[in-house]
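>>> need a structure here:
(one chain, ligands or ions: 1)
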Amino acid sequence: MSPFHRLLRINLTERSFRQEEIPSEIERAFVGGKGLGTAYLLTEVGADTDPFDPGNKLFFCPGALVGTLAPAACRYELVTVSPLTGLYLDCNAGGHYATALKASGHDMVVVEGAASSPTVVHVHDSEVDFLDADELWGCSIYETEMTLLQRLGQPGLRVASIGVAGENLVRFACIANDFSRQAARGGPGAVMGSKKLKAIAASGTHAVAIARPTEFIAAVDQALRQIADNPWVEGKRAHGTVGSLEPMYAVGAVPIRNFTASEAADMPSLALEEFEHRFAMRFACAMCPLSCSKGYRLLGDSSFGQGIEGPEYETVSMLGPNCNLYDPDAIAEANYLCNQLGLDTISAGATIGLVLQALDDGLLSPAQLDWPEQSLSRAEQVAALLEAIAKRRGIGDLLAEGALRAAQALDLEKLVPHVKGMELPAYDPRVSEGMALAFMTSDRGACHLRTWPLGRELSGELPRFGTAGKVDFVVQQQNDKAAEECLGVCQFPYGIGLLTDDLPRLLGAVTGQPWDCPALRTVGERIWNLSRVFNVRRGVSRRDDYLPERFSTQVPLQGPLAGRRVPRQLQEQMLDEYYALRGWSTHGIPLPSRLAQLGLGCIASASARLEMCH
Ligand code: SF4
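Numbers count the residues shown, from 1 in each chain. I've put the predicted structure just below:
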């Protein structure tokens, strides 16, 4: 559970702050990270609060194991109302920022209200400084972070900031920390922008006390051995996530040309060796034994001439093949632009891919888009659109609203790859029934991080096609992942699997309380129900849990997905089974009896009281 038992509440309107105790029963029920953020979001942000209203809040929640030697305990969860979907949002980011935030002596930092002019907040131990930031408004992420690191100069200081996209309320703007780590999806950067909050710098001197040190060291040792023995981990260390590109392409998962195809003649240009021989440096987040992140240098001439961390699998796929772009350096440059401007590369790639498909197919004319640069190469088009979106120039102003809103305005709604307004990540849902259900039921709209059944479907642990065993697996992994996201550990070293004994053993040694997998799983289920209650209050029900019609009616003509679709009837069948397993009504509404079993009778009631009861 959260070691300091307190949160820091920062009010930007009043330029004030105060500490509050976190009730012990809430800690026990929600542990930390995603759990704490979700419980406080539900009780403090109303169902009709607009994402850009000062009443929306940002909950920065370093996980319960952050600040300890637990392997890969490096992440904070950012919980808020998404500007992209208008629904529940949580994102997490690695790097070293969560450790710095935890060192300030808080288990959660709540940002509320809105500043009247650009502001930087500096949290250091129990103190908070409010700094005028007019000169930083308009700066890139990298400039902002460098400036604050030099200006504030405290040991261990880390910065989370937004770029121009966040300032301009782009609905898929990210929050970045440690230069290249992002809480990316769903637009949390735009919430910061709406509050005129350019950055939160954090540092401190608080150490996390370990209740049972000898047991903890043994638990760390055991976890490290498990990680070293996991055969899946070695591939991630060797190649990073970009190593997934070839196997995912082989099964048809990689989206091509706005999810319209499953093979592309130019794909060899993105072979693994193209990335490997540009490899320059390895990076690791705090306490990570895996070190999956790669530094990349460009070959030949480049307009920006610098190296970059990444690009990762999602970014390569969404800004590359999904936009019909097959030049590794051009994709890396687009990634760099997103990092500097503060854009989510997945939503950016999906939104631009949609528009470029419509242009290529003659569904949109350049004139309709006020598109002046008809002679640009595809790489230049992508770069120009990224700039236009971040700065809300020309057509970029419309695309900054996200793919769904833009498509509605351009009469292209049938082409949008999304669930609940969140653009699909880099897996075509026709690749497997498991991935389709993962996207349909994710708490923040289409997401591959809540559960990833494709791994089991490819390894043979689950049938490659069909639904047998998949609904059970999706429910269980959603619960397990939600629990994992309370702890602040990265899922990669732990193998993107289900919970193993390592994590409850670590948590038990840190807190001195008994934890096991079933207890953690119940925490995850509690969170999953609470986020659903939040979404239901915002109008979500069964009708929002389907894939777009195109994935049930249209089939790729060639490649591994030729003839594959996810029929509506199959979606109905999976949803029926999913709701029954969750204890929800056939409309997808959590039933009072299930909520009561989970102790959520008060917190999920109309009065949303921050207490556990049945
Ligand atoms: S596996 Fe990669 S993303 Fe995860 S903590 Fe390690 S370096 Fe960071």
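
>>> Could you count how many residues lie near residue 460?
Residues lying near residue 460 (other CB atoms under 10 Å) number 8. All C-beta atoms are positioned from the backbone trio N, CA, C, and that covers glycine.

>>> got it, and residue 83?
Neighbour tally, residue 83, other CB under 10 Å: 27.

>>> Then residue 595?
By other CB under 10 Å, 22 other residues sit near residue 595.

>>> Find the helix or strand that residue 462 is a member of.
If you go by DSSP states H and E, residue 462 is not part of any helix or strand.

>>> What does the nearest residue to it once chain neighbours are set aside show for phi and psi?
Closest residue in space to residue 462, ignoring its immediate chain neighbours: residue 456 at 4.2 Å, by CB to CB, 6 or more residues apart in numbering. Residue 456 has phi and psi values of phi -70, psi -30 when expressed as degrees, to the nearest 10.

>>> Tell me the helices and strands packed up against the helix or strand where residue 529 lies.
Taking DSSP H and E as the criterion, residue 529 maps to helix 517-537. Packing partners of helix 517-537 (3 or more CB pairs under 8 Å, 6 or more residues apart in numbering; DSSP states H and E): helix 24-30, helix 33-44, strand 88-93, helix 470-487, helix 502-511, helix 592-597.

>>> For residue 532, find the nearest of those.
Evaluated over the helices and strands packed on helix 517-537, closeness to residue 532 peaks at strand 88-93, with 8.2 Å, by CB to CB.

>>> Now the closest one - C-alpha only, PDB.
Extracted C-alpha coordinates of strand 88-93, given in PDB (Å, rounded to 0.1, in the frame of the first residue of the first chain):
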ATOM      1  CA  TYR A  88     -12.300   7.800 -18.000                       C
ATOM      2  CA  LEU A  89      -8.600   8.100 -18.800                       C
ATOM      3  CA  ASP A  90      -5.500   6.700 -17.300                       C
ATOM      4  CA  CYS A  91      -2.100   6.500 -18.800                       C
ATOM      5  CA  ASN A  92       1.200   5.600 -17.400                       C
ATOM      6  CA  ALA A  93       4.800   6.600 -18.100                       C
END
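
>>> Next secondary structure after it?
helix 97-103.

>>> and the stretch 251-400 of the chain, which residues reach the ligand?
Contact residues (CB under 6 Å from any ligand atom) of the stretch 251-400 of the chain with the ligand: 284, 285, 288, 290, 291, 292, 293.

>>> Kindly state the beta-bridge partners for the residue most central in space within the chain.
What sits nearest the mean C-alpha location of the chain, by CA atoms, centre = their mean, is residue 91, with 3.8 Å. Applying DSSP bridges to residue 91 gives these bridge partners: residue 78.

>>> strands paired with the lowest-mean-pLDDT helix or strand in the chain, and their directions?
When each helix and strand of the chain is scored by mean pLDDT, DSSP states H and E, strand 308-309 comes last, with a mean of 80. Using DSSP bridges, the strands paired with strand 308-309 in its sheet are strand 293-296 (antiparallel).

>>> Now do the strand it pairs with, average pLDDT.
In this model, strand 293-296 carries a mean pLDDT of 84.

>>> distance between the ends of stretch 394-412?
End-to-end distance for stretch 394-412, by CA to CA, to the nearest Å: 18 Å.

>>> Any buried residues in it, and which?
Neighbour counts using 16 or more other CB atoms under 10 Å place 394-407, 410, 412 of stretch 394-412 among the buried residues.

>>> Can you tell me which of the residues of the stretch 251-400 of the chain next to the ligand is nearest residue 536?
residue 285 (34.5 Å).
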